[in-house]
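Novice: Structure for the following, please:
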Amino acid sequence: MCADQTKPSARSDVDPFVVMDVMREANLLEATGRSIMHLEVGQPGASTPEPVRAIANTTLTAGPLAYTDALGLPSLRARIAKYYDEHHSVEVDPERVVVTAGSSAAFILTFLSCFEAGDQVGVPEPGYPAYRNTLRALGCEPVAIPVGPETDWALTPHLIEKAEDQHGRLKGVLVASPSNPTGAMLSREQMSALVKHSEAGNRWFLSDEIYHRITYGKQDVSALEAGDDPIVINSFSKYYCMTGWRLGWAIVPERLVRPIERLAQNLFISPPTLSQIAAEQVFDETTCLDANVAVYAQNRQLLMEELPKAGITSFAPADGAFYLYADVAHLTKDSAAFCTAMLEEAGVAATPGADFDPAHGHQYVRFSFAGKTADMVEAMHRLKAWLGA
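Specialist: Predicted coordinates:
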């Protein structure tokens, strides 16, 4: 057989998710006995609430776990719909709820159901790297829409129009509020303007809301508050502290439900059954989950006070999520090399900004403050010593 008949596909040639590479290197150093402060991964330091774990334990001992419907357990779909009434005063038909194997599966299913190969999709940069990498792997063309301090790191209709002037018509636009890596949030007016702008332009509008309920003085706003047509994606990973349970969901327009169901049947069969059964309980555990957010707020304040003492003084707003996106241009022209040195020499793991913004991220570093406060204190102590502050 000719060798070049078995080479990897062109669609598999996507950029790595650099934060996972950083985590791997940090774990390797830790395995040698090094003490590493993990500020690289967006993973809550708190455990899944105990009642959720208890339900999982009971379920495991009760017997075999069968497949569920491809769209998820009807009871969980109904509970997710109820959440939108409770938290956003929006009525959602449970039939429009799609339970998925993490938000990652929700992105794959919605991208496949909305876009043809070759379609252009607008994504803000800096932004979550899996947006552009997943779109590319599916044969779509992500169009970077730069956002920065001039718009408080938020997407605007004007920026979308500017992107279309340069690249041609966009088939869809994806936003995240709170954003990863900046923590920037959209107000109700800003979200409504973006939704209406996409409707007028006959574009799909996708809203990544996986950091909802992790906010600091601002109210999270769902795109569903502006109408029924936006596609909303959320996850149990962040606020609900269920990263390894691999469970998420999407709210989709009625016309997408059956296409997504067919795709889900073939690609995933069903979301994880044990995770679904346990996840229903987590919506009632907001007391302990809000206590976690209070820890993130404390960690956020700590980093905002201590990083300037190390000479890092400029950040994106961090109004939500658990990241500080910091400008280090005065310290390095290569944030990847900076992060490698910081890990190896100071034992502090953080993520270079190029993961989130290939064009301008070389001058930024993302620090995650989702871990324990004691680890944040130690990380800042090491960083100040490393930078000679």
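
Novice: can you give me the helices for the stretch 251-389 of the chain?
Specialist: Taking DSSP state H, counting those that start in this stretch as the criterion, the stretch 251-389 of the chain carries its helices at 254-267, 273-282, 286-306, 335-341, 373-386.

Novice: packing partners for the last one?
Specialist: Other helices and strands packing on helix 373-386, by 3 or more CB pairs under 8 Å, 6 or more residues apart in numbering; DSSP states H and E, are strand 37-38, helix 286-306, strand 348-349. Placement of C-beta: from N, CA and C, glycine included.

Novice: One more: the shortest one?
Specialist: With contacts defined as 3+ CB pairs under 8 Å, 6+ apart, helix 335-341 has these neighbours: helix 18-31, strand 351-352, strand 364-368.

Novice: Could you take the ones you listed and lay them out as TSV, with extra columns for mean pLDDT, mean neighbour count and distance to residue 94?
Specialist: As requested, the helices and strands packed on helix 335-341 are exported to TSV (pLDDT from 0 to 100; neighbours: other CB atoms under 10 Å; distance: least, CB to CB, whole Å):
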stretch	mean pLDDT	mean neighbour count	distance to residue 94
helix 18-31	89	16	34
strand 351-352	94	29	37
strand 364-368	97	27	34
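
Novice: and of these, who's closest to residue 238?
Specialist: Checking those against residue 238 by CB to CB gives strand 364-368 as the closest, at 11.2 Å.

Novice: Could you give the backbone dihedrals for the nearest residue to residue 188 once chain neighbours are set aside?
Specialist: Distances taken as CB to CB, 6 or more residues apart in numbering put residue 221 closest to residue 188, at 4.8 Å, once the chain neighbours are dropped. The phi and psi values for residue 221, taken as degrees, to the nearest 10, are phi -120, psi 130.

Novice: what's the distance between residue 221 and residue 175?
Specialist: Here residue 221 is placed at a distance of 11 Å from residue 175 (CB to CB, to the nearest Å).

Novice: Between these two, which has more neighbouring residues?
Specialist: Neighbours were counted for residue 221 and for residue 175 using other CB atoms under 10 Å; residue 175 has more, 27 against 21.

Novice: Show me the strands in this protein, by range?
Specialist: 37-38, 97-100, 120-125, 141-146, 172-176, 204-208, 231-235, 248-251, 323-327, 348-349, 351-352, 364-368 (DSSP state E).

Novice: Now for residue 240: which residues touch it?
Specialist: 48, 279, 282, 285, 289 (CB atoms under 8 Å, 6 or more residues apart in numbering).

Novice: Could you dump the residues you listed into JSON lines with neighbour count added?
Specialist: Shown next, in JSON lines, are the contacts of residue 240 (neighbours: other CB atoms under 10 Å):
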{"residue": "48", "neighbour count": "22"}
{"residue": "279", "neighbour count": "28"}
{"residue": "282", "neighbour count": "23"}
{"residue": "285", "neighbour count": "16"}
{"residue": "289", "neighbour count": "20"}
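
Novice: among the helices of the stretch 251-389 of the chain, which is nearest residue 195?
Specialist: Going by CB to CB, the one of the helices of the stretch 251-389 of the chain nearest residue 195 is helix 254-267, 16.3 Å.

Novice: Show me which residues of that closest one are buried.
Specialist: 256, 257, 260, 261, 263, 264 (16 or more other CB atoms under 10 Å).

Novice: Please apply the same query to stretch 309-327.
Specialist: Quick answer for stretch 309-327 (16+ other CB under 10 Å): 310, 312, 315-327.

Novice: swap in stretch 149-169?
Specialist: Buried residues in stretch 149-169, counted by 16+ other CB under 10 Å: 152, 153, 154, 155, 156, 157, 159, 160, 163, 164.

Novice: Throw those into CSV and include pLDDT and distance to residue 304, thanks.
Specialist: Formatted as CSV, the buried residues of stretch 149-169 follow (pLDDT from 0 to 100; distance: CB to CB, whole Å):
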residue, pLDDT, distance to residue 304
152, 93, 17
153, 96, 16
154, 95, 20
155, 97, 24
156, 97, 26
157, 97, 31
159, 97, 27
160, 98, 31
163, 97, 32
164, 97, 36
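
Novice: So which of those is the closest to residue 53?
Specialist: Relative to residue 53, the closest of the buried residues of stretch 149-169 is residue 153; by CB to CB it sits at 36.3 Å.

Novice: what's near enough to touch the residue lying closest to the closest one once chain neighbours are set aside?
Specialist: Leaving aside its sequence neighbours, residue 153 sits nearest to residue 184 (CB to CB, 6+ apart; 3.8 Å). For residue 184, the contacting residues are 147, 152, 153, 154, 177, 178, 316, 317, 319, 320, by CB under 8 Å, 6+ apart.
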